[in-house]
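**Q** Build me a model from this:
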Amino acid sequence: MRLALVDVNNFYVSCERAFDPRLEGRPVVVLSNNDGCVVARSEEAKRAGIKTGTPWFQVQGRATALGLVARSSNYELYGDMSARVMEVIGRFGAWQEVYSIDESFIGLPGDEGALRSTAGRIREAVWRHVGVPVCVGVAPTKTLAKFANHVAKRNPGLGGVCSLGSVPDEEIRRIQSRVPVTGLWGVGGRTGKRLNALGIDTIADLRDADPLMIRKKFSVVLQRTVLELNGTPCIPEVEERADKAQIMFSRSFSTPVTTSADMEQVMALYAQRGAARLAAEGLRASMLTVSAGVSRFAAAAPASGSGEGADAQAPGPQASNPVVSVRLPAPTQDPIVLTRAAVSAMRGRMVPDTRYVRAGVMFSGLEPATGQATFDAFTDEAGQPDMGTLLGDVRARFGEAAIGLGHAGLAEPAGWTMKREFASPRYTTDWADLPVVSA
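**A** Next up, the predicted model:
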């Protein structure tokens, strides 16, 4: 049995290209929330010198000259495409471990020829059924599978597949001696500097290091990496926690919130979105925490009406970044109860003339929504659905913006909602955004 790591190439960009072929061959970047900075790049954008984390306003002026296309983060699309990719990959493995939104480990049986053949069929199947390109690295351990995938991505002649079993050990060592140790899975910049101080500069150097010395000077985790580089599997499967500690709905604003009325809208909307997540996962919450925050770069910037000579003292960080926890009367997922609690908890907590740039509502003290439900004024003795269930059913059928309670029932998005100027359609998750083909 061998391990294979299947990784989608430039995942966010590839999802955008799957539905917009005009993006093929062009430099493309995907931006973070509120179109703030670059979080994903096509190969063409990388060659143009655009770095991950670069603020969009620094790139925007060069976009036309570079032929650069920007897309706002479309997490609804990316999440659905990820699920489709993982389903296809899972058809080929004896077992599967989804490692991230664009990566999955699978177990592959067979000899070297069968392994390479299966890896090739995985690439073809994902491309045919989902429309995104993947690379496959096959090896005896997870660390080596990640390394093999790295080799497959950077050597087009391999056709997107690298199985270390078919590569002579001398060639593997030659490649490893050319890759910095920070290019290895799990070795960050800080650890890399400490390794460099010991004369361990490349992956080959780490492979040859004494595992006991590495454990003593670093950690058992890095010791496992050394053992895995030498072909000994010792990184267990990542177990997904069955019990969630909390559910949170948090966003940054495109335009700062400065009034209590707007903040009540925020709390109402976020509480109801969080309540929908509770209902979807069959949970109830017994504790609710609301928070709001200012920019760490301008924590005391006045909202308006203060000139250069204004004599205003900056509020302290605790006052201008309120966090309030409320214990609920009983565990619930009812959006009415949660909305009232969230709005009430934040009321009076805002500092006047302060520009709030983010807020969140967190639910904790979670338990399964089983057994006898607590009495609610909107549930009758005949067992008819309560208001929360009705709201959830309407949203499920007509979309998140179809209905809301109080301030959250907004016909049009508020000015503070997240900026997504370059958003593509949600092709696979919204009936209104289904692609239309004309013949």
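**Q** per-domain residue ranges of the chain.
**A** Per the record, the chain has its domains at 2-166, 169-229, 246-300+317-408, by automatic domain parsing.
**Q** What's opposite Ala4 in the beta bridge?
**A** Judged by DSSP bridges, the bridge partners of Ala4 are Ile106, Val138.
**Q** Tell me, what's the model's pLDDT at the closest residue to Phe105 other than its chain neighbours?
**A** Distances taken as CB to CB, 6 or more residues apart in numbering place Glu97 nearest to Phe105, at 4.4 Å, with adjacent residues excluded. Glycine gets a C-beta too; all of them are placed from N, C-alpha and C. Glu97 carries a pLDDT score of 85 in this model.
**Q** I'd assumed Ser104 was in contact with Glu97.
**A** Yes - here Glu97 reaches Ser104: they are 6.7 Å apart, a contact under CB atoms under 8 Å.
**Q** Is the residue nearest to Phe105 in a helix, a strand, or coil?
**A** Put simply, Glu97 is strand when judged by DSSP: H, G, I helix; E, B strand; the rest coil.
**Q** Tell me how many other residues surround it.
**A** 18 (other CB atoms under 10 Å).
**Q** List the buried residues in the lengthiest helix in the chain.
**A** Using DSSP state H to define each element, the chain has its longest helix at helix 260-280. Across helix 260-280, burial judged by 16 or more other CB atoms under 10 Å covers 262-276, 278-279.
**Q** mind saving the C-alpha coords of the following helix or strand past it as PDB?
**A** Note on helix 260-280: by DSSP states H and E, the next helix or strand toward the C-terminus is strand 283-294. The C-alpha coordinates for strand 283-294 follow below in PDB (Å, rounded to 0.1, in the frame of the first residue of the first chain):
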ATOM      1  CA  LEU A 283     -26.900  21.800  17.500                       C
ATOM      2  CA  ARG A 284     -28.100  24.100  20.200                       C
ATOM      3  CA  ALA A 285     -26.100  26.800  22.000                       C
ATOM      4  CA  SER A 286     -26.200  27.800  25.700                       C
ATOM      5  CA  MET A 287     -23.800  30.700  25.400                       C
ATOM      6  CA  LEU A 288     -23.600  33.600  23.000                       C
ATOM      7  CA  THR A 289     -20.700  36.000  22.600                       C
ATOM      8  CA  VAL A 290     -20.800  39.200  20.500                       C
ATOM      9  CA  SER A 291     -17.700  41.200  19.600                       C
ATOM     10  CA  ALA A 292     -16.800  44.300  17.500                       C
ATOM     11  CA  GLY A 293     -13.400  45.700  16.700                       C
ATOM     12  CA  VAL A 294     -11.600  48.700  15.300                       C
END
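**Q** May I have the strands that pair with strand 283-294, each with its orientation?
**A** By DSSP bridges, strand 283-294 pairs with strand 323-332 (antiparallel), strand 356-364 (antiparallel), strand 367-368 (antiparallel).
**Q** Pull out the buried residues from it.
**A** Residues of strand 283-294 classed as buried: Leu283, Arg284, Ala285, Met287, Leu288, Thr289, Val290, Ser291, Ala292, Gly293, Val294 (neighbour count, 16+ other CB under 10 Å).
**Q** will you turn the residues you listed into TSV that also has pLDDT?
**A** Formatted as TSV, the buried residues of strand 283-294 follow (pLDDT from 0 to 100):
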residue	pLDDT
Leu283	86
Arg284	87
Ala285	88
Met287	87
Leu288	88
Thr289	88
Val290	88
Ser291	86
Ala292	86
Gly293	84
Val294	84
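**Q** Present those as CSV; the columns should include distance to Ser42.
**A** Shown next, in CSV, are the buried residues of strand 283-294 (distance: CB to CB, whole Å):
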residue, distance to Ser42
Leu283, 39
Arg284, 44
Ala285, 41
Met287, 43
Leu288, 42
Thr289, 39
Val290, 39
Ser291, 36
Ala292, 36
Gly293, 33
Val294, 35
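**Q** Show me the two of those residues that sit farthest apart.
**A** Across these, the longest distance by CB to CB is 32.2 Å; it joins Arg284 and Val294.
**Q** Please point out which parts of stretch 82-89 sit buried.
**A** In stretch 82-89, counting by 16+ other CB under 10 Å, buried: Ser82, Val85, Met86, Val88, Ile89.
**Q** Please apply the same query to stretch 184-191.
**A** Those would be Leu184, Trp185, Val187, Thr191, for stretch 184-191 by 16+ other CB under 10 Å.
**Q** can you check stretch 64-76 too?
**A** Within stretch 64-76, the residues that count as buried by 16+ other CB under 10 Å are Leu68, Val69, Ala70, Arg71, Ser72, Ser73, Asn74, Glu76.
**Q** pLDDT value on the last one, please?
**A** Read it as Glu76. 76.
**Q** wait, isn't it in contact with Asp430?
**A** Yes - counting by CB under 8 Å, Glu76 touches Asp430, with 7.4 Å between them.
**Q** could the buried residues of stretch 184-191 be laid out in CSV, adding pLDDT?
**A** Shown next, in CSV, are the buried residues of stretch 184-191 (pLDDT from 0 to 100):
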residue, pLDDT
Leu184, 88
Trp185, 86
Val187, 87
Thr191, 89
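**Q** Pull the most distant pair out of the residues you listed.
**A** Maximum pairwise distance in these, criterion CB to CB, is 12.0 Å, between Trp185 and Thr191.
**Q** any idea how far Val294 is from Asp433?
**A** Distance of Asp433 to Val294, given as CB to CB, to the nearest Å: 35 Å.
**Q** Can you tell me which of the buried residues of stretch 82-89 is nearest Gln333?
**A** Minimum distance to Gln333 across those is 26.2 Å, recorded for Ser82 (CB to CB).
**Q** From what I see, Lys142 and Ser104 are in contact.
**A** No - the pair Lys142 / Ser104 is not scored as a contact, 11.6 Å apart, by CB under 8 Å.
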